[in-house]
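Q: sequence? don't have it. structure:
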């Protein structure tokens with residue numbers, strides 16, 4: 001039995017006087033659900049409900065000092081939502097995924113800078129997240145539009161195990177010291193949001209530490225780093241792999257995603273789903289397919305008519321000729 005399973009195992013509970021019959025039944029139901037879903041800890045449940053980490057344990061153990069009804073209702077709502085969300089499986093090895101892996105492997109092996117770009121929704125982030133998850137010594141930074149030099153270096157420093165305070169230069173030197181001449185790889189997602197100074201920092205880390213860097217983003221990232229004789233000439237000259245931006249997933253990729261989510265639905269339905277989503281993996285997987293699965297769960301029969309109805313009525317998509 002794993003630690004999570006042991007932690008979530010229901011225990012005999014002596015409920016306090018503030019618990020009514022319904023409270024007791026709900027507490028036991030939540031305990032049983034947690035035991036059956038060991039990947040959701042009480043601390044995770046607390047974060048879903050926006051309460052302190054210790055509150056679920058207190059409520060479920062029967063020791064909460066006042067009526068627990070409000071908190072039990074919030075926890076029930078959270079686990080009901082978790083149960084209703086379609087499960088996400090392993091990342092599928094689409095052509096976009098394979099291209100992302102190639103960028104990472106080439107940058108790591110040749111210790112250069114690779115640039116992986118594409119329009120939103122084709123699966124770039126999923127690819128690099130999976131690569132970072134399954135490959136040690138990989139630092140994945142997901143950029144926010146407000147990120148500064150110190151924010152970037154703070155995340156990199158934390159990624160290499162340095163949590164101390166210091167100047168920008170101190171953080172920079174700590175990162176370089178730890179990763180120098182190692183097999184490390186830095187991946188920066190949504191890199192088009194980085195200020196110019198951050199791109200210069202990544203270039204210098206690559207130079208001084210002799211490691212690979214992958215910049216991931218929308219096609220406009222290329223407009224920043226590719227012009228000749230511009231501000232980023234030094235960065236541009238260090239780019240060893242920069243494939244053409246991905247504009248859409250292939251029809252084969254779409255068929256793979258549909259099959260993984262819905263099983264063997266036949267070529268006509270698979271092609272129709274791909275056509276309506278116009279090459280967007282996100283729209284296909286997170287939007288249209290999930291909507292179809294919900295309708296199938298209500299007893300609807302899968303057909304091209306159902307696909308179009310879900311697209312139009314639930315997602316406001318145009319289903320005419322594209």
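A: Perfect, thanks for sending it. These figures come from a predicted structure and were not determined experimentally.

Q: Mean pLDDT per element in the protein, and the minimum belongs to which helix or strand?
A: helix 3-8 (a mean of 42; mean pLDDT, DSSP states H and E).

Q: check contacts around residue 312.
A: Taking Cβ atoms under 8 Å, 6 or more residues apart in numbering, we find residue 312 in contact with 318-319. The way it works is simple: take the backbone N, C-alpha and C, and place the C-beta from them, glycine included.

Q: Just say helix, strand or coil for it.
A: helix (DSSP: H, G, I helix; E, B strand; the rest coil).

Q: For the nearest residue to residue 140 once chain neighbours are set aside, which residues are in contact?
A: Spatial nearest neighbour of residue 140, excluding adjacent residues (Cβ to Cβ, 6 or more residues apart in numbering): residue 132 at 3.9 Å. Going by Cβ under 8 Å, 6+ apart, residue 132 touches 138-140, 187.

Q: Now for residue 132, which secondary structure element holds it?
A: helix 124-134 (DSSP states H and E).

Q: low pLDDT regions in the stretch 201-322 of the chain?
A: Scanning the stretch 201-322 of the chain for pLDDT under 70 picks out 227-232, 321-322.

Q: which one among the contacts of residue 132 gets closest to residue 167?
A: Nearest to residue 167 among the contacts of residue 132, counting by Cβ to Cβ, is residue 139 at 20.5 Å.

Q: what number of residues lie near the closest residue to the closest one other than its chain neighbours?
A: Once flanking residues are discounted, residue 139 sits nearest to residue 159: 4.2 Å by Cβ to Cβ, 6+ apart. Using other Cβ atoms under 10 Å, residue 159 has 17 neighbouring residues.

Q: any idea how far residue 159 is from residue 34?
A: Counting by Cβ to Cβ, to the nearest Å, the gap from residue 159 to residue 34 is 31 Å.

Q: Could you do residue 300 as well?
A: Separation of residue 300 from residue 34 (Cβ to Cβ) stands at 33 Å.

Q: again, but for residue 188
A: From residue 188 to residue 34 the distance is 37 Å (Cβ to Cβ).

Q: Show me the helices in the stretch 101-250 of the chain, by range?
A: With helices called from DSSP state H, counting those that start in this stretch, the stretch 101-250 of the chain shows them at 124-134, 149-159, 168-179, 196-209, 220-225, 233-236.

Q: Residue 67 is nearest to which of those?
A: helix 149-159 (40.9 Å).
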